[in-house]
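Student: coords please:
(one chain, ligands or ions: 1)
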Amino acid sequence: MAGDSTVNFNLLHRTCKLVVLLCLLHISVTVVFYVRSLDIRFAFAQNQQSHNNGTQPNQVRNTAFTLQTEPAETEKEAPAEEPAKKLEKCPETSPLLVGPLRVEFNVPVSLEQIKKDNPNLQPGGRFRPKDCEALQKVAIIIPFRNRDEHLKYWLYYLHPILQRQQLDYGVYVINQDGDEIFNRAKLLNVGYMEALKEYDYECFVFSDVDLIPMDDRNTYKCFSQPRHLSVSMDKFGFRLPYNQYFGGVSSMSKEQYLKINGFPNNYWGWGGEDDDIYNRLASKGMSISRPSGETGKCRMIRHERDKQNDPNPQRFDRIAHTRETMYKDGIKSLSYRVVKTDKFDLFTKITVDVGKP
Ligand code: BGC
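Tutor: Next up is the predicted model:
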């Protein structure tokens, strides 16, 4: 009997030891896993933070800044570190582009509506992307007189397009004062000068007020060669009227523009000034860059010929002599008087006296 109870006791003792050992093993395995899971969570949090730093630098860095500086009053007063504002460059091709667009002019548009549709614009029709640093600072120059209805359509279609193109841009409407004969190229020169007084623009887009692109992949920026953007206009059956055509919408970097002494100031009335600009570029060995016929499609708003803008009979003679006249007549010899500057919500309007022929 005593032997039996000793055997039972030993068995019980061993079983208990085994159970205790198993419990210890279980606890240590649990502890090891718990500690490892803490490590993983910490690494994940760190990774998240550095990822966010790349895409939303302001937000995340500002948070970190607040946390670090909270306890120290003196540190709080130190000037905020500027790097917080440094954004990454926008991509070469904007991810916001949608491609072909429907453009029509039968539904009236109002400035109020356009303002509501474009809440991120700054006064004077300025914009810059908030999530990345634009690749170019672009001034858009529109020669103008008495075309308010056309301007509304231009603003209605172009503001959303230019924002999707992720440009740092401003819209300058250069309004010819008085009733003298219209001078498109001189107004463009004025736009160049006036825009540069306001901001360090590096690219200039010169656009007629009645031309609307039908594809947002036709980016309103500058290229290594002067760019012709309105390459396939409905008015010309969606093709170039001739190879040297440089009218409608074009863009030039500051350097390209200065190389040709800007544009001629003495083309009064319709026609020829764009051919003169083409001649200037060609004489300086530059070529014309263009989007494809498909991407470069655009619509023109139909209208009667403007008063005081009849075809210029002297244009053929002038075009024939561009190479001789371009150094005397251009941005270097430009003279004008600013009558008024209006900073509207959707554009900056500069009214100028450009003189008369
Ligand atoms: C004129 C240009 C005009 C083109 C297309 C040419 O004859 O000289 O100024 O842009 O026609 O209309």
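
Student: quick one: Arg239 and Arg290 touch, right?
Tutor: No - applying C-beta atoms under 8 Å as the test, Arg239 and Arg290 come out as separate, 11.7 Å apart. (C-beta placed from N, C-alpha, C; glycine too.)

Student: More neighbours: which of those two?
Tutor: Regarding Arg239 and Arg290, a neighbour count based on other C-beta atoms under 10 Å identifies Arg290 as having more, with 20 against 12.

Student: Which single residue of the stretch 201-350 of the chain ends up nearest the ligand?
Tutor: Gly247 (3.3 Å; C-beta to the nearest ligand atom).

Student: does Pro226 really touch Met286, like I thought?
Tutor: Yes - A contact is recorded between Pro226 and Met286 when judged using C-beta under 8 Å, the distance being 5.7 Å.

Student: More neighbours: the two, which one.
Tutor: Comparing Pro226 with Met286 by other C-beta under 10 Å, the one with more neighbours is Pro226, at 24 against 17.

Student: List the contacts of that one.
Tutor: Pro226 makes contact with Phe246, Ser250, Ser251, Met252, Gln256, Leu281, Met286, Ile288, Ser289, according to C-beta atoms under 8 Å, 6 or more residues apart in numbering.

Student: What pLDDT does the model give Lys76?
Tutor: With respect to pLDDT, Lys76 scores 41.

Student: follow-up on the earlier one: how about the residue of the stretch 201-350 of the chain closest to the ligand: what's its closest non-neighbour residue?
Tutor: Distance criterion C-beta to C-beta, 6 or more residues apart in numbering; nearest residue to Gly247, sequence neighbours excluded, is Asp274 at 3.8 Å.

Student: in the stretch 1-150 of the chain, which ranges drop under the pLDDT threshold?
Tutor: Using pLDDT under 70 as the threshold, the predicted model of the stretch 1-150 of the chain has low-confidence ranges 1-7, 9, 16, 23, 26, 29-84.

Student: Pull the number of nearby residues for the closest residue to the ligand within it.
Tutor: Using C-beta to the nearest ligand atom, the closest approach of the stretch 1-150 of the chain to the ligand is made by Pro143 at 12.8 Å. Applying other C-beta under 10 Å, we find 24 residues neighbouring Pro143.

Student: With adjacent residues omitted, what lies nearest to it?
Tutor: Leaving aside its sequence neighbours, Pro143 is closest to Leu187 (3.8 Å, by C-beta to C-beta, 6+ apart).

Student: residues near Asn120, how many?
Tutor: Neighbours of Asn120 under the rule other C-beta under 10 Å: 10.

Student: what residues are up against it?
Tutor: Residues near Asn120 by C-beta under 8 Å, 6+ apart: Phe127, Lys130, Gln163.

Student: Which positions in the stretch 201-350 of the chain make contact with the ligand?
Tutor: Contact residues of the stretch 201-350 of the chain with respect to the ligand, defined by C-beta under 6 Å from any ligand atom, are listed as Pro241, Gly247, Gly271, Gly272, Asp274, Asp275, Arg315.
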